[in-house]
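>>> Sequence and predicted model, in that order:
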Amino acid sequence: MKYRADIDGIRAIAVLAVVIYHAFPDILPGGFIGVDVFFVISGYLISGIIISEIKEDRFSILNFYDRRIRRIFPALFALVSAVMLMGWLTLIPVIEFRELSQSVSSVALFLSNMYFWYKTDYFSQAAELKPLLHTWSLAVEEQFYIIWPLFLAFLFRKTGKKGITAGILSFLLLSLAISLILTKADPSAAFYMAPSRFWELAAGGILAIGINKLPFPEKVRGASQILAFSGIILSFLFIDDQAIFPGFVAIIPVTCTMLLIRAGTDGQHFIRRLLSSKPFVMTGKISYSLYLWHWPLLAFARIYHPDHEVMAKPAILLFTFFISVLSWKYIETPFRKSKKTNSSGYKSLAFGGALIAVWTLFGLTGHRNWGYPSRLSGDLAEQSDYIKNSPHFVCNGLYKSQIGSGPASIALWGDSHAADLCPVMKQLTDLTGTGSMNYIQTSCLPLITQDGSSYRKGCNTSGSMSAILSNPQITTVILAGEWPAQEQQQTETILSAIRHTITTLTASGKHVIFIGDVPVYQTDITVCHLRSEMLRRFGLQIRCASGNLDKDQQITKQSRIRSLVQSLKTETKERIDYVDRIPYFCPENQCLSYHEGKPLYRDSNHLTIPGSLIVFSEIQALMNVKDQSRM
């Protein structure tokens, strides 16, 4: 296929849109659509090459993958190596480096779109801290190119030149239908999953085989280029992360990209000259490396300096351009233009297979070994273990699991904040010789509504209530959860549900212990402290954002729910107790994240085992459980 400088220019506006969006999303809220522009360009160029070779009867699947490996692998795995080195030196083993290892395996296998779909929403704040998140689009492309050349070769042999356009169009429409349906049912899956994105690459294929051959009057070329270019830029400016995307919305930038490519085939109109200018062409040439490097650098900046990340962004972007030029010149270009021999295809396959095997194995080993905690020593290793050994593991499962071998006399009911109390249940059952039944569902507060149904859709809290009420051996019910901390969230609806849940339990003779929530930080406070100590080795210092919480503010946040529970005890004269954890975590004006050198938190709001056990003595006293070993 003949080289077109203006297509490198289109690549430039696509990659610049993505980079600007990731660095300054308020400036270009739809910059993420640059990926969709890339998909169309890729589909157009690669399909054109494949179709040309098929028509000339010189297509070879081995040669095709030889080109793909030499184009994609060297720069990608150089980037992965650099990210892993940075992670090895600075990321916390149990959480961050373990997750990075998992993502490396998914990148190596070109399954990172599935991995990140499972792990995080692309537009969430948590996604900003994942250095390899952006590789999801490479995974979509490579999954497409596993089947696309075989599909085109099959079409050509079975239907000839006449049927190939209809076949590509049918493929496009099927993928588009999947995208529209999936966007409505599960937008995150539609965003990441290859079947809902294939139509964008196939659109480039249609351009290469069909539309590109149709007459295009010279007098409308200029206007078409202006219209298409404007449509792409307006998409970057006015489509944002609140749009239902991809879906129907994605048709706009995809169609505009197709029109811009088609209208720019000939002539010297203004837009074509602009896109063919040296700055745009050069940026287009380094676009792959620019895309690879910009996101990890931004992600590590957010990890290391969350307070100063905005100020550092201009310097980061300048460095990104510098390292991208080096990557393009010394990694991409030599491999892509290396001398081709009869055996080069097999060598490329061997080279690609070796890289995939090495990084997959390294990633899986990092996952299995909890992020290589042996990298740490002394206090850092001990603190890392506290994060690793989650209180949840003590429960032997969550929903309808039991702690202790005796008959269950206690029920622990709530969400993941209730699961943090599993070590307390273990010590109680050890003392009493009885058991504890756990009714724990993530994000499900232990509440029912006035009519007895579950408080939240997707939560089986009504089933948990029925199980507890029908078991006469359960005499004590411990309610715990991430109770709403903001006054506007503490609506009459939730207060009514708390009242109804407690009175329903006490009416059946149950002793209710209501556990107030812990102070909640804005960051993973223990992880931040660990990282601070790790970076100190390199002479770097970071301040953990929101590391101090005010005691009075924490008391105020929970006052309405606390007052409700305490008033119920006075009104009903039933056995209702409220355990206030604020005095334990905030013994003075400021709240603690460490106690006696041990971390109390695993992240911003979940506890370590020492954090869990901080209220054990009070719960033990409320249940009148005596320590038999001291008698």
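Good, I have the coordinates. From a predicted model like this one, the values you see are computed outputs, not experimental measurements.
>>> Return the distance of the residue nearest to the spatial centre of the chain relative to Ala194.
The centroid of the chain falls nearest to Thr120 when counting by CA atoms, centre = their mean (2.5 Å). Distance of Thr120 to Ala194, given as CB to CB, to the nearest Å: 18 Å. Placement of C-beta: from N, CA and C, glycine included.
>>> next one: Phe538
40 Å.
>>> ditto for Gly509
Gly509 sits 56 Å away from Ala194, going by CB to CB.
>>> Ok, Ala127 next?
Ala127 is 19 Å from Ala194, by CB to CB.
>>> Of the two, which one has the most company?
Between Ala127 and Ala194, counting by other CB atoms under 10 Å, Ala194 is the more crowded of the two (22 against 15).
>>> who's in contact with the more buried one?
Asn113, Ala139, Val140, Gln143, Phe144 (CB atoms under 8 Å, 6 or more residues apart in numbering).
>>> I'd like those laid out as CSV, including secondary structure, neighbour count and pLDDT.
Formatted as CSV, those follow (DSSP: H, G, I helix; E, B strand; the rest coil; neighbours: other CB atoms under 10 Å; pLDDT from 0 to 100):
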residue, secondary structure, neighbour count, pLDDT
Asn113, helix, 24, 97
Ala139, helix, 21, 98
Val140, helix, 26, 98
Gln143, helix, 19, 97
Phe144, helix, 24, 97
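>>> downstream neighbour of the helix or strand containing Thr503 in the secondary structure list?
Using DSSP states H and E, Thr503 falls within helix 492-507. Per DSSP H and E, the first helix or strand lying C-terminal to helix 492-507 is strand 511-515.
>>> Could you tell me which residues within the helix holding Thr503 count as buried?
Ile494, Ala497, Ile498, Arg499, His500, Thr501, Ile502, Thr504, Leu505, Thr506 (16 or more other CB atoms under 10 Å).
>>> what does stretch 392-412 give?
The neighbour-count check on stretch 392-412 (16+ other CB under 10 Å) flags His392, Val394, Cys395, Leu398, Gln402, Ile403, Gly404, Ala408, Ser409, Ile410, Ala411, Leu412 as buried.
>>> Show me which pair in the residues you listed is furthest apart.
The most widely separated members of the buried residues of stretch 392-412, counting by CB to CB, are His392 and Ser409 (21.8 Å).
>>> how about the strands of this protein, start to end?
399-403, 408-414, 435-440, 476-480, 511-515, 576-579, 594-595, 598-599 (DSSP state E).
>>> So what's the model's average confidence on the longest one?
So that's strand 408-414. For strand 408-414, mean pLDDT is 94.
>>> tell me the angle it makes with strand 435-440.
Orientation check (axes from the mean of the first three to the mean of the last three CA atoms, to 10 degrees): strand 408-414 against strand 435-440 gives 20 degrees.
>>> quick one: contacts for the closest residue to Leu540 other than its chain neighbours?
Computed as CB to CB, 6 or more residues apart in numbering, the closest residue to Leu540 that is not its neighbour in sequence is Tyr304, at 7.3 Å. Contacts here follow CB under 8 Å, 6+ apart; on that basis Tyr304 touches Thr90, Arg531, Leu535, Leu540, Ile542.
>>> So what's the predicted local confidence for Phe64?
On the pLDDT scale, Phe64 is placed at 94.
>>> Just give me the neighbour total for it.
If we define neighbours as other CB under 10 Å, then Phe64 has 20 of them.
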